[in-house]
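Peer 1: here you go, sequence then predicted model.
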Amino acid sequence: MAEIAVTVVIDRLLSLLTEEAILLRGVHTEVEDIKRQLLFIQAFLKDADAKAEKGDTISHGLQAWVQELRETTYSIEDLFDEYIHHFANRPRRSGVIFDFLSKVSCLIAKLKPRHEIASKVKDLKLKVGKLHEESSRYGFISSFEQESGGNSETINDQWRDPRVKALFIEEAEIVGIESPKGELINWLVEGAAELTVISVVGMGGLGKTTLAKNVYDNKKVVERFVCRAWITVSQSFKMEMVLQNMIKQFYETMKEPIPEGMDAMDVISLVFWEFIKSVLPDKGTGSRIVITTRHVDIVRESRFHHVYNLQPLPPESSRELFCKKAFQGSRCPSELEKISIDIVKRCAGLPLAIVAIGGALARKQNNKLDWQKFNESLGSQLESNPHLESISKILSLSYNDLPHYLKPCFLYFAIFPEDYSINCAKLIRLWIAEGFVKGKKGMSLEQRAEEYLNELIHRSLVQLSELDNRGRIRRCKVHDLMREIILKKAEELSFCHVLGDEDSSFNGKFRRGSVQKGTNTIAVETIHRNAQIRSLLLFDMDAVPMPMTDISFTNFKLLKVLDFEDAPLDSGDKSKMLPMSIGKLQNLQTLDLKQSLVDALPVEITKLKKLRHILVYSYHPNPKGGFSTARGVRIGEGIGSMLDLQKLCHVEANNGRGLIEELGKLRQLRRLGIVNLTEEDGPSMCASISNMKCLESLDMFSKDDGILNLQNISDPPRYLRNLGLQGGLSRLPDWLPVLQNLVRVVLVNSKLSYDPMEVLEALPNLLNLGLSNAYGGECFCFTELGFQKLKILRLFGMKGLKTLKIHEGALPVLEHLEIEPSPQMEVPSGIRLLKTLTRIHFFSMPREFSYSMLPQDGQNYHIVEHVPNVFFHEFHADGHTILSLR
């Protein structure tokens, strides 16, 4: 864990030093010296971490040194960030390069960073020299030596591997594997004669090894194959030893003598799978290879390849397994029923956790209070309770195996609360703001970060929570117990600290703060003592206290992320405006105040030239279904100078055309939301949008549902994917058909006099369409070739609508349909043609409309009988009732 702390800082520091070296040529030698010294330190820390991961005892002296090194390295990063902070505050005058460099040199002399950096470098040199002298005592070698030499401890790794215990589990103790076991056996004993690879994929602790061993020992499998071998591969395996072990087992199962000279054979290969392919060629004899892995991409190119994604145990099986371990198969005492359910829920279907925690509780008295204390302290129990050691070891394997560039990204999940579903776009914003994402030629940072996230998912470390209608990841999470593991690592590294009601008096240092629950003023004081923090996020806050929004802004000069989403701002007055001190946050890249009730930003916000994301809006849900209304934020002129802005939503257009014209200067904008537009604002708005070549998402709301005058966008943004228009339209904009990349369109209160489907159905990539009071006619017509990719269709507020004509071939992949009809609307008979529909929601239907679709005697039941889920929503004075057709 020492190496990752230093690596994070090295990556960040080297980036800063490289950028500054271009300007500050006079300190080039110092730049190179710092780089060389830190890389030398890093080489030793790789070996220290390797020994720590295997459970070797690390002396207290070395631990203290590593901590001091980490703090010193952080101080260097702080020093450079503070320099850049002051540098950004100085106006840059035009002039000759020599004068510019002279001013920079004067600035350095005034702030003394060069002297302080040099002092830190000297300290590091002394400490590295001391570490080098003591390395023989600790048995450490540098990573350069590791690359050139072998690992003498490989032979013992299999005995250190906690997964070996899975090989000795009694079958009577196994729960919930019959279905996957049967499928795997079928793949092994039947199927093609070609060599077939079967990958059992899932996160650590899910029971992959237990399942595979149970299948391996199955009588059908034993009888099917002439020779078999079970191989455990450690992270530091040697190819020749794997091959020797495999061949010996083959001869043993065939009951033949092992050939002489086996121990002298040599194998050279770089990648395990490439090696396995080379020694087990496909001879068309029905051979099978089963791999248990956390990495879904371990085998890619085999044509005969099955992937079995092992799922967590369902609640019933989880409960059964827990009771087997905690109560030796007896029934759960009634007084422990609720707490048992809570504990099993936290295990989230992970057999390893259920068995270990159940076994630990079996050693306790069946006392409700003791069990509650155990549950509340589960995080510390994972660290201190020897009966839970296997959980930490197994789950830590995946983290330890990560490449260095993914470790800080994964540690960032510790910032979020337990069982929290994380918005992936938000997560990516945070990674980029922190500098965790490294650029790659031909890719944006956002695309690169998405690759990082996909890799974490493929390694079974991150779980999918929700997909969008394009099949891309919308939300994700980590297993609660994995979060406990990485939270401990993150706090040990001073990477982040979580402040809740129970432990807000923390006195240590940390780089990122997460305040969760309540309005704890002690947490505010703790945050205030850590002025060097880079990110501050709030979760489940009743209100944001004044000290956190006023005094702290002045102190947090190095802050990059300020996230107060869903935390109501207590500003002490009715204006709900951020304080002017926000202008001090020169390093800020992300300002997230969604649903915080902030309705105004001070003009000082325009001083923040590094700001990439301003997200300050509130949505007010429609209590009767349909689309939410949006409220924006007031912002003064000067926004056009914030050239790095990528997301700005939602701002009010009330301050005149000056604001709208300034928006046209923001050429990097990818998302824009603007509210309270008037018809007179149209020409200026169209001119500004024409300048936004990178725009991907655009939402525009008229004032008081007035007219949106948007016909004159001369050069519409070609990459636009999301378009939302709320306001009157005389006709659909002429530029709309040009936007071939649109995947989502929402039209609200458009009040068109003609059926817009003829235009909309021709958009080739449209996946999601929402219309509310968009058309005043009686019929929507969906033609045979219309909406070839549409998956979601929502129709609301068309009071005069009577008929939906759906022709054969229309909407061929529609999955989700929502309708709020007029009282005269007929049940659309064309629904029976929509074979891919999985869900229909009808809102505020007349009773006879709903009754006509009842399974018993409903004359229109045949229209919807193929749809698995049909729901009817009724709104009344007491609330909202949802009825299911079946």
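Peer 2: Looks like it came in fine.
Peer 1: who's in contact with the closest residue to Thr606 other than its chain neighbours?
Peer 2: The shortest distance from Thr606 to any non-neighbouring residue, by C-beta to C-beta, 6 or more residues apart in numbering, is to Gly638 (3.6 Å). Placement of C-beta: from N, CA and C, glycine included. By C-beta atoms under 8 Å, 6 or more residues apart in numbering, Gly638 lies in contact with Val603, Thr606, Glu662.
Peer 1: do the same with Lys181
Peer 2: Leu211, Asn214, Val215, Asn218.
Peer 1: turn those residues into JSON lines, including neighbour count and distance to Ser392.
Peer 2: Shown next, in JSON lines, are the contacts of Lys181 (neighbours: other C-beta atoms under 10 Å; distance: C-beta to C-beta, whole Å):
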{"residue": "Leu211", "neighbour count": "24", "distance to Ser392": "22"}
{"residue": "Asn214", "neighbour count": "21", "distance to Ser392": "25"}
{"residue": "Val215", "neighbour count": "22", "distance to Ser392": "27"}
{"residue": "Asn218", "neighbour count": "17", "distance to Ser392": "31"}
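Peer 1: now, which of the contacts of Gly638 lie within helices?
Peer 2: Within those, residues falling in helices by DSSP state H are Glu662.
Peer 1: which secondary structure element contains Leu461?
Peer 2: In the assignment (DSSP states H and E), Leu461 maps to no helix and no strand.
Peer 1: what's the burial count for the nearest residue to it once chain neighbours are set aside?
Peer 2: Nearest-residue entry for Leu461: Ser398, 5.4 Å, with adjacent residues in sequence omitted and distances by C-beta to C-beta, 6+ apart. Residues lying near Ser398 (other C-beta atoms under 10 Å) number 20.
Peer 1: need the three-state assignment for Ser398.
Peer 2: helix (DSSP: H, G, I helix; E, B strand; the rest coil).
Peer 1: which pLDDT value belongs to it?
Peer 2: On the pLDDT scale, Ser398 is placed at 84.
Peer 1: kindly report the same for His880.
Peer 2: In this model, His880 carries a pLDDT of 84.
Peer 1: what is it paired to in the beta sheet?
Peer 2: Here His880 sits in beta bridges with Phe875, going by DSSP bridges.
Peer 1: please look at it and His873 and confirm they touch.
Peer 2: Yes. Under the criterion of C-beta atoms under 8 Å, His880 makes contact with His873 at 6.7 Å.
Peer 1: which residue of those two possesses the greater neighbour count?
Peer 2: For His880 versus His873, neighbours defined as other C-beta under 10 Å are more numerous around His873 (17 against 12).
Peer 1: and for the host helix or strand of that one, what's in contact with it?
Peer 2: Using DSSP H and E, His873 falls within strand 869-876. Applying C-beta under 8 Å, 6+ apart, the contact partners of strand 869-876 are 623-625, 838-845, 850, 853, 864, 880-886.
Peer 1: now that strand: average pLDDT?
Peer 2: Per-residue scores along strand 869-876 average to 90.
Peer 1: quick check: buried residues in it?
Peer 2: For strand 869-876, a neighbour-count test (16 or more other C-beta atoms under 10 Å) marks Val870, Phe872, His873 as buried.
Peer 1: distance of the last one relative to Leu206?
Peer 2: Just to be clear, that refers to His873. 38 Å (C-beta to C-beta, to the nearest Å).
Peer 1: likewise the first one?
Peer 2: Separation of Val870 from Leu206 (C-beta to C-beta): 35 Å.
Peer 1: which residue ranges form the strands in the stretch 351-500 of the chain?
Peer 2: For the stretch 351-500 of the chain, the strands defined by DSSP state E, counting those that start in this stretch cover 422-423, 463-467, 473-477, 497-499.
Peer 1: can I get these in a markdown table including mean pLDDT and distance to Glu484?
Peer 2: Formatted as a markdown table, those follow (pLDDT from 0 to 100; distance: least, C-beta to C-beta, whole Å):
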| stretch | mean pLDDT | distance to Glu484 |
| --- | --- | --- |
| strand 422-423 | 94 | 16 |
| strand 463-467 | 89 | 15 |
| strand 473-477 | 93 | 14 |
| strand 497-499 | 88 | 11 |
